[in-house]
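pasting a predicted model and its sequence here:
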Amino acid sequence: MVADEVRALAKRTADTTGEIDGLLGKLAQRTQQMGKQMHGSLEVSQQTVSSINAASASFELIRESVDVIRDMNSQIATAAEEQHQVAEDINRHISQIHGDAQLVAKLASSTSDDAQKLTDLSDELNSLVLRFKT
């Protein structure tokens, strides 16, 4: 009977050892699969980091471009303000020229009237002088 029990114990030990060996084999396979998956995840992570770095560089270029555009807008606004001031000066000068032209027109009219009076006086004087000659 002891021999049967020893055989049964040996068989159970062998069976259990086989089960443990199978479990260890499965564990080794799963560990290897996990290693491959982790390696794949590492590669994806590295690609993601590279993509993030590229995106960051692109955003930096965009920011620099926006800064340049903002500076250009500021220069355009300054130039527009200067042009507005020049236009105001031109408008003021044109108004002054218009006023001066009206004054010159009045003076020319007055001069014309005075010239006509002088012509009339000259004609009158000529007629008076002609009286004395005869």
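Cool, got the structure.

okay, now Gln110: neighbour count?
Heads up, residue 110 is Ser, not Gln. A count of nearby residues for Ser110, using other CB atoms under 10 Å, gives 10. C-beta coordinates here come from the backbone N, C-alpha and C atoms, glycine included.

kindly report the same for Phe59.
10.

tell me which element it is part of?
Phe59 belongs to helix 2-133 when elements are defined using DSSP states H and E.

and that helix, what does it pack onto?
Under the contact criterion of 3 or more CB pairs under 8 Å, 6 or more residues apart in numbering; DSSP states H and E, helix 2-133 touches no helix or strand at all.

neighbours around Leu130, how many?
9.

output stretch 55-62 as CSV, restricted to C-alpha atoms.
Extracted in CSV, the C-alpha atoms of stretch 55-62 (Å, rounded to 0.1, in the frame of the first residue of the first chain):
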residue,chain,number,x,y,z
ALA,A,55,4.4,70.5,-33.9
SER,A,56,6.1,72.7,-31.3
ALA,A,57,8.6,73.9,-33.9
SER,A,58,5.7,74.7,-36.3
PHE,A,59,3.9,76.6,-33.5
GLU,A,60,7.1,78.6,-32.9
LEU,A,61,7.3,79.5,-36.6
ILE,A,62,3.6,80.5,-36.5
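
tell me how far stretch 118-134 lies from the chain's centre.
How far stretch 118-134 lies from its chain's middle: 85 Å, per CA atoms, centre = their mean, to the nearest Å.

same deal with stretch 57-68?
The answer for stretch 57-68 is 9 Å, by CA atoms, centre = their mean.

average model confidence for it?
Throughout stretch 57-68, pLDDT has a mean value of 97.

make residue 1 into 35 and carry on from there
From this message on, residue numbering opens at 35, which makes the last subject stretch 91-102.

now tell me what touches that stretch from outside.
Under the contact criterion CB atoms under 8 Å, 6 or more residues apart in numbering, stretch 91-102 has no outside partners.

quick one: pLDDT of Lys167?
According to the prediction, Lys167 has pLDDT 64.

for the helix holding Phe93, the distance to its chain's centre please.
Distance, stretch centre to chain centre, for helix 36-167: 0 Å (CA atoms, centre = their mean).
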